[in-house]
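1. With the sequence up front, the predicted model follows.
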Amino acid sequence: MPRRARITVSGVPHHVVQRGHNRQPTFFADEDYLAYRHSLKEGALRYRCSIHAYALMTNHVHLLVTPTNEDGLSSLMRYLGSRYVQYVNFVYRRSGTLWEGRFKSSLVDQEQYLLTCFRYIELNPVRANMVAQPQDYRWSSYDSNAMGKQDDLIDDHQLYLALGNTEETRRAAYRDLFRYQLDDAQLTDIRDSLNKGLAVGAERFKDQIESAVARSVRPGQAGRKKAKAAGGLSGEQVNLQFEKE
């Protein structure tokens with residue numbers, strides 16, 4: 001039976017999660033995180049994807065990615081899967097799979113929910129009780145986005161740049177966003193959208209996506225919707241990728 005089609009829209013941010021097989025570790029030493037970062041950078045350049053935020057956890061990864069072409073995201077994740085698994089199998093003299101299967105992703109409303117998604121990703125080590133503050137975790141984008149540390153993985157999103165007219169004011173405004181944890185409703189919304197491959201954000205954003213792809217991106221609304229004008233999302237920006245078991 002075919003799996004639910006993955007929806008990707010070029011020019012729209014995607015929250016991506018990939019977990020280790022059976023929730024087992026995927027990183028074992030500092031060198032592994034560095035190797036993954038290297039492959040992520042290479043893949044993002046090769047397949048024209050912008051990385052805005054990330055958190056590399058011990059047994060899964062979170063990425064906030066904007067693909068600029070129709071198959072960029074899937075190509076990036078295939079490249080990462082191949083290169084990093086080869087590295088791990090060679091270094092640790094192992095064989096077989098490392099990841100649980102295909103990655104999960106959700107479309108993110110950049111006007112209403114993008115900064116919430118930044119927070120969700122970079123606060124993940126705090127929620128996991130690995131560190132007390134996001135700046136204490138080495139393998140995330142927080143030090144770049146909030147503290148100004150150079151990170152050649154990061155492409156600043158326009159909404160992030162709009163937080164301030166200077167780097168100093170921008171970073172200060174970004175840090176202010178992290179004064180409080182996300183509430184339960186936000187956490188549930190992001191997690192449900194990820195697990196079901198839907199869209200997270202305002203109803204208008206979901207309407208635009210549904211009009212463009214003729215398919216529901218809301219939970220509990222199976223089936224196709226009649227296509228209408230996309231309200232800002234052109235047909236050239238939309239790509240439906242069907243993946244089978």
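-> Sure, I can see it.
2. could you point out which element follows the longest helix that the chain contains?
-> Using DSSP state H, we find that the single longest helix of the chain is helix 72-91. Downstream of helix 72-91, the next assigned helix or strand under DSSP states H and E is strand 104-108.
3. From the chain's centroid, how far away is the following helix or strand past that following strand?
-> Reading on from strand 104-108 to the C-terminus, the next helix or strand found by DSSP H and E is helix 114-122. Distance of helix 114-122 from its chain centroid, counting by Cα atoms, centre = their mean, to the nearest Å, is 10 Å.
4. tell me which strands and helices whichever helix or strand comes after helix 114-122 is in contact with?
-> From helix 114-122 onward toward the C-terminus, using DSSP H and E, the following helix or strand is helix 124-127. Helices and strands touching helix 124-127, by 3 or more Cβ pairs under 8 Å, 6 or more residues apart in numbering; DSSP states H and E: there are none. Bear in mind the C-beta positions are built from the backbone N, C-alpha and C, glycine included.
5. then helix 124-127 to CSV, C-alphas only?
-> Backbone C-alpha positions of helix 124-127 (Å, rounded to 0.1, in the frame of the first residue of the first chain) are rendered in CSV as follows:
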residue,chain,number,x,y,z
ASN,A,124,14.9,20.6,22.2
PRO,A,125,18.0,19.9,24.3
VAL,A,126,16.4,21.8,27.2
ARG,A,127,13.2,19.9,27.0
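6. Could you pull out the buried residues of that helix?
-> Residues 124-126 are the ones in helix 124-127 that count as buried (16 or more other Cβ atoms under 10 Å).
7. What segments of this protein are helices?
-> 30-46, 72-91, 114-122, 124-127, 142-147, 158-161, 167-176, 184-196, 203-213.
8. So which residues make contact with the longest one?
-> Looking back up the chat, that one is helix 72-91. Residues outside helix 72-91 that contact it (Cβ atoms under 8 Å, 6 or more residues apart in numbering) are 6, 8, 10, 14, 16, 18, 26, 28, 31-32, 35-36, 39-40, 42-44, 46-49, 65, 67, 94-99, 103, 105, 241.
9. swap in the fifth one?
-> Around helix 142-147, the neighbours that count as contacts under Cβ under 8 Å, 6+ apart are 53, 118, 122, 134-135, 149-151, 153-154, 160, 171, 174-175, 178.
10. ok, so of those, who is nearest Gly201?
-> Using Cβ to Cβ, Phe118 comes nearest to Gly201 of the contacts of helix 142-147, at 13.6 Å.
11. Could you give the number of residues near the closest one?
-> Counted with other Cβ atoms under 10 Å, residues neighbouring Phe118 total 26.
12. Do I have it right that it meets Tyr54?
-> No: applying Cβ atoms under 8 Å as the test, Phe118 and Tyr54 come out as separate, 10.3 Å apart.
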